[in-house]
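[1] Return a 3D structure for these sequence lines:
(2 chains)
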Amino acid sequence: MVTAEMVEAMEFPDLADRFNVSGVPQTTVNDGAGTIVGAVPEEHLLQEISRALQVS
Amino acid sequence: MGKLLDEAIVSQVRDVFDNQLDKPVEILFFGRKTDCDYCEDTRQLLEEVAAVSDKLSLSMFDLDEHTETALQYHVDKAPGIVFVGRDGDQHIDYGIRMSGIPSGHEFSSLIHDLVLVSGRDSGLSQETREQLKLLKEPVHLQVFVTPT
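    Sure, this is the predicted structure:
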């Protein structure tokens, strides 16, 4: 149910631009439905996933 | 061609693998013949890492030629890397991918991913696991990083 992909931002600049990546790490949930900048604890990531699923 | 990993690094990686690898892991590499600045280096890096432990194997695919395999593993970028648990002929896909070369900080992510998949355990807390079981639709996370 969950896939996670590391994306090297300099090699895929178009994708990084699409999600306005400025600082790293930046995590995108389901193509921009959610975003987290910086490293976060897993509870925080879960909250953002729930939020992203509700708005999408 | 020279090695990408020097002996000191290989020795550190061997230490980690000897102590922490458990079950077999297969690394699936997806390259592309044109328009891929880092495919060759990534392939070489993975070959050097896979050679360190006999619990690791490496399969190579071309994103443009092996389209069915790429589709099966949802790989749409080159270089693309998928880590799967290998159990006989079976592949266990934990949904872990890398797009782009895992160098710099990401080299340790590469080693860590291999250890996680080999242990067949995400290391997530029980609460997180319970929450994730409730998911009703697929979640795709993309973590943007830079090599420095």
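
[2] From now on I want contacts and neighbour counts done on CA atoms only, so please keep to that.
    Will do.

[3] Burial check on residue 18, number of neighbours?
    Let's take chain A. 10 (other CA atoms under 10 Å in any protein chain shown).

[4] Can you look at chain B instead?
    B:Asp18 has 13 nearby residues by other CA under 10 Å.

[5] Just say helix, strand or coil for it.
    Here B:Asp18 is helix, with the state taken from DSSP: H, G, I helix; E, B strand; the rest coil.

[6] How far does the top strand by length along chain B sit from its chain's centre?
    Scanning chain B for the strand with the most residues, using DSSP state E, yields strand B:90-99. The chain centroid and the centroid of strand B:90-99 are separated by 7 Å under CA atoms, centre = their mean, to the nearest Å.

[7] Which other helices and strands does the helix or strand that that strand is followed by contact?
    Next helix or strand after strand B:90-99 toward the C-terminus (DSSP states H and E): helix B:105-119. Other elements packing on helix B:105-119 under the criterion 3 or more CA pairs under 8 Å, 6 or more residues apart in numbering or on different chains; DSSP states H and E are helix B:7-20, strand B:25-31, strand B:80-87.

[8] Can you mark which positions in the helix or strand following helix B:105-119 are buried?
    Once the chain leaves helix B:105-119, the next helix or strand it forms, by DSSP H and E, is helix B:126-133. Neighbour-count burial for helix B:126-133 flags B:Leu132 (criterion: 16 or more other CA atoms under 10 Å in any protein chain shown).

[9] next helix or strand past helix B:126-133?
    strand B:139-145.

[10] is chain A contacted by that next one?
    Yes: judged by CA under 8 Å from any CA of the partner chain, strand B:139-145 comes into contact with chain A at B:Val139, B:His140, B:Leu141, B:Gln142, B:Val143, B:Phe144, B:Val145.

[11] Next, format these as JSON lines and append pLDDT.
    Putting the residues of strand B:139-145 next to chain A into JSON lines (pLDDT from 0 to 100) gives the following:
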{"residue": "B:Val139", "pLDDT": "97"}
{"residue": "B:His140", "pLDDT": "97"}
{"residue": "B:Leu141", "pLDDT": "97"}
{"residue": "B:Gln142", "pLDDT": "98"}
{"residue": "B:Val143", "pLDDT": "97"}
{"residue": "B:Phe144", "pLDDT": "97"}
{"residue": "B:Val145", "pLDDT": "96"}
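
[12] farthest-separated two in these?
    The span of the residues of strand B:139-145 next to chain A, defined through CA to CA, is set by B:Val139 and B:Val145 at 19.2 Å.

[13] Compare the two (neighbour count), which wins?
    More crowded of B:Val139 and B:Val145, by other CA under 10 Å: B:Val145, with 22 against 19.
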